[in-house]
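Chemist: Predicted model and sequence below, questions to follow.
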Amino acid sequence: MSATPSSFWEMDELRIITGAMVILGGATALLVVMPYLLLKDVPPPAGLKPYTSVQLTGRQVYIANGCVYCHSQQPRDIKQAPDALRGWGRASVAGDYAHDTPHLLGTMRTGPDLLNIGARQPSKDWQLGHLYQPRAYTPGSIMPAYPFLFDVRQGAAQPGETVVNLPPAFAKEGQVVVAKPEALALVEYLLSLDRTYPALAPRATPPEGAKP
Ligand code: HEC
C-alpha cells in the first residue's frame, strides 16, 4: 500500500498518545489536584481531638482486619440518605477527617456507619464482647467474629488483664476470655470515633441581612 497524504483527522500514534495524555492530565487536575488544593488547609474543628498513640495503633488494627470493607465512616446529608434518622450522626464535613491519614471513608455499608460509634455505643465491655462474638449481642449478625484478638483460657485471669464479660448464654464454665492489646487498642479507637460536636464554628457576627 502506498502512503496517502495525512489529513487532520487521521489517527497516528503521536495523536493517540497526545490525546490520551491530555485526557489523563485533565482528569488528574479535576480529581486530584483541585480537591487537594481545596481541602489542604481545612483546619480541624474545635471539638476534634487528635488521636492518642493507642488509638492510632487501634486504627491500624481496624485497617489490618478489613473493617473498612463493611463499615463506612461518612454519615450523609438527609437529602442523600436517612443517616441522621438511623442515629449515625450529622453529615460529616472535611474538617472531621483532619487527623485521618489515610482516611477510612469506606464505600460499603454491610454494617452501620461508624464515624460516631464512640458516642452511640460508649461501653468498652460491649465493644470487646461484640468483637469476640457479634452474635452474642446482635442475634443473627453477619459480622465476622475476631476471636484471635483475644486469649481464651481455662482458669482465672492474671492481675491487670481485661476480662471480657460475655452474656451468660455465651460464657463457658471455667473459661476466661481476655482481651489482647490489639483488641484493647481497637476498642480505644472505636470509642474515639465521635464527631458529634457542631460541624461549623458559630459565627462571631451574624452575616449581613440575617434576621435577628
Ligand atoms: C462482613 C462485614 C463486616 C465486617 C468485615 C465487619 N463488620 Fe462490624 N458489623 C457488620 C454488621 C452487619 C453489623 C450489624 C450487626 C451487628 O451489630 O453485629 C456490624 C456492627 C458493628 C458494630 C456495631 C455498630 C452499631 O451501630 O451498633 C461495630 C462497633 C462494628 N461492627 C465494628 C467492626 C469492626 C471494628 C470491624 C473490624 C474488626 C468490623 N466491624 C468488621 C458487618 C461487618
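Modeler: Now that the structure is in, tell me what you want to look at.
Chemist: Now Lys124: closest residue in space that isn't a chain neighbour?
Modeler: Closest residue to Lys124 apart from its sequence neighbours, by CB to CB, 6 or more residues apart in numbering: Val187 at 5.7 Å. Every C-beta, even on glycine, is put in place using the N, C-alpha and C of the backbone.
Chemist: got it, and Arg120?
Modeler: Excluding the flanking residues, the one nearest Arg120 by CB to CB, 6+ apart is Gly87, at 6.1 Å.
Chemist: One more: Gly106?
Modeler: Distances taken as CB to CB, 6+ apart put Ser72 closest to Gly106, at 3.8 Å, once the chain neighbours are dropped.
Chemist: before we move on, the earlier item: burial of the residue nearest to Lys124, as a residue count?
Modeler: Using other CB atoms under 10 Å, Val187 has 26 neighbouring residues.
Chemist: Doesn't it lie inside a helix?
Modeler: Yes - applying DSSP: H, G, I helix; E, B strand; the rest coil, one finds Val187 inside a helix.
Chemist: how near is it to Val164?
Modeler: 10 Å (CB to CB, to the nearest Å).
Chemist: where do the contact lists of those two overlap?
Modeler: 128, 179 (CB atoms under 8 Å, 6 or more residues apart in numbering).
Chemist: which ones are touching Asp96?
Modeler: 45, 48, 115, 195, 199.
Chemist: What are the buried residues along stretch 94-106?
Modeler: For stretch 94-106, a neighbour-count test (16 or more other CB atoms under 10 Å) marks 95-97, 104, 106 as buried.
Chemist: and the nearest residue to Tyr69 once chain neighbours are set aside, what does it touch?
Modeler: Nearest residue to Tyr69, sequence neighbours excluded (CB to CB, 6+ apart): Met108, at 5.9 Å. Contacts for Met108 were tallied using CB under 8 Å, 6+ apart; they are 69-72.
Chemist: Any of the residues you listed buried? List them.
Modeler: Buried subset of the contacts of Met108 (neighbour count, 16+ other CB under 10 Å): 70-72.
Chemist: ok, which of the residues you listed also contact the ligand?
Modeler: Contacts with the ligand within those, as defined by CB under 6 Å from any ligand atom: 70-71.
Chemist: Out of the buried ones among the contacts of Met108, flag the one nearest to the ligand.
Modeler: Distances from the ligand to these, taken as CB to the nearest ligand atom, are shortest for Cys70 (2.9 Å).
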